[in-house]
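Participant: predicted model follows, preceded by the sequence.
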Amino acid sequence: MQRTLKSEAIFTGVGLHSGQPVRMVVKPASADYGIWFRRSDVTSGDPMIAARWDAVVQSRLCTLVANASGNSVSTIEHVMAALAGCGIHNALIEIDGPEVPILDGSAAPFVATLLARGLQEQASPVRAIRILQPVEVREGEAFARLEPSEMMEIDFRIDFLDAAIGRQEKTLNMSNGAFVRELCDSRTFCRQADVDAMRANGLALGGNLENAVVFEGDRVLSPGGLRHADEPVRHKMLDALGDLALAGGPVLGRYIGHRAGHALTNRLLRAVFAQHGAWAVVDCNEPMGCKLPGVGVVRSDIPVHC
């Protein structure tokens, strides 16, 4: 069955790139509503913005959705991953600025608050996107691929010259709370040189060593070091789940990413939906529903350091 929140969840913080304070409220929504953002601060045009693959517009370093009026919300990937990983299908997200708060750079604060508010089952079946044929998109050495599977799986590989990151790969079956246990606390990461370049161009103004893992060569500059030895690849998987959540329902398929980012994952979704016979919407019966992300998740699944 579909799920929503029992009561609203409130988040306050700053935007990673803007550095501006923002207040965001995730509210319960009716069955079949989906996930929508509402810009409470705008005074002209449509304030409603769909959290959907075809609302994504080109943006550097994050996922940004916009509507026909030009109103937009950026850096949505972590809250979208939290909603998907907790098995929340319907919510209205009211926000008083153009960027989701970065919080600690992971999805764990979103997950903890959402689960604390409680989840409500709704009398409507979950409609999932079943992948029927392999679809792949490439850009240089990077690629993203979706292929048939009975459940959502993510297989990700990264390769960085920095010794502190290097080559990492991980595969997870995303059923039954795996996201909350394994991925939700993994923070966004970057190199110190990237931070300097972004700030020179007016980006990452809200970033610091507390809400991102910063690397320099073979060193981790952030206090306390890594939460996981392979935290970077785990965070890339977190991002991928958040971007795949824009499909409009849980994806029943295996996602394979190699050096992939937000833009490539969105290109993949566009390629899937453009290819006749590559996908189908299915109502999940009980056995299928038991394999979806978030089913059976409890607050004690959240890593203890969060």
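Facilitator: Alright, I've got the coordinates. Residues are numbered from 1 along each chain as shown.
Participant: C-alpha only now, for contacts and for neighbours.
Facilitator: Noted.
Participant: so, low pLDDT: which residues of this protein?
Facilitator: 203-205, 305-306 (pLDDT under 70).
Participant: centroid-nearest residue for it?
Facilitator: With distances taken as Cα atoms, centre = their mean, G242 lies nearest the centre of the chain, 2.0 Å away.
Participant: just list the residues touching E153, thanks.
Facilitator: Listed by Cα atoms under 8 Å, 6 or more residues apart in numbering, the contact partners of E153 are 171-174, 253-255.
Participant: and the residues you listed, which is closest to S18?
Facilitator: Proximity to S18 was ranked across the contacts of E153 by Cα to Cα; first place goes to Y255, at 31.0 Å.
Participant: and the helices in the stretch 101-250 of the chain?
Facilitator: Counting by DSSP state H, counting those that start in this stretch, residue ranges of the helices within the stretch 101-250 of the chain are 108-117, 178, 192-200, 231-244.
Participant: let me have the ones you listed in TSV, extended by distance to G85.
Facilitator: Compiled in TSV, the helices of the stretch 101-250 of the chain are given as follows (distance: least, Cα to Cα, whole Å):
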stretch	distance to G85
helix 108-117	8
helix 178	8
helix 192-200	29
helix 231-244	8
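Participant: quick check: which of those is nearest to V214?
Facilitator: Relative to V214, the nearest member of those by Cα to Cα is helix 192-200, separated by 6.0 Å.
Participant: tell me which other helices or strands the closest one touches.
Facilitator: Based on contacts counted as 3 or more Cα pairs under 8 Å, 6 or more residues apart in numbering; DSSP states H and E, the elements that helix 192-200 packs against are strand 213-216.
Participant: centre of the chain to the strand it packs on, how far?
Facilitator: 21 Å (Cα atoms, centre = their mean, to the nearest Å).
Participant: what sits against the residue nearest to the centre of the chain?
Facilitator: For G242, the contacting residues are 76-82, 84, by Cα under 8 Å, 6+ apart.
Participant: nearest to A142, of the residues you listed?
Facilitator: For A142, the closest of the contacts of G242 turns out to be E77, at 19.6 Å, with distances computed as Cα to Cα.
Participant: neighbours of that closest one, just the number please.
Facilitator: Counted with other Cα atoms under 10 Å, the neighbours of E77 add up to 25.
Participant: excluding chain neighbours, what is closest to it?
Facilitator: In space, and not counting its chain neighbours, E77 is closest to G242: 4.7 Å by Cα to Cα, 6 or more residues apart in numbering.
Participant: report the separation between the one you found and A280.
Facilitator: Noted for G242: a distance of 20 Å to A280, by Cα to Cα, to the nearest Å.
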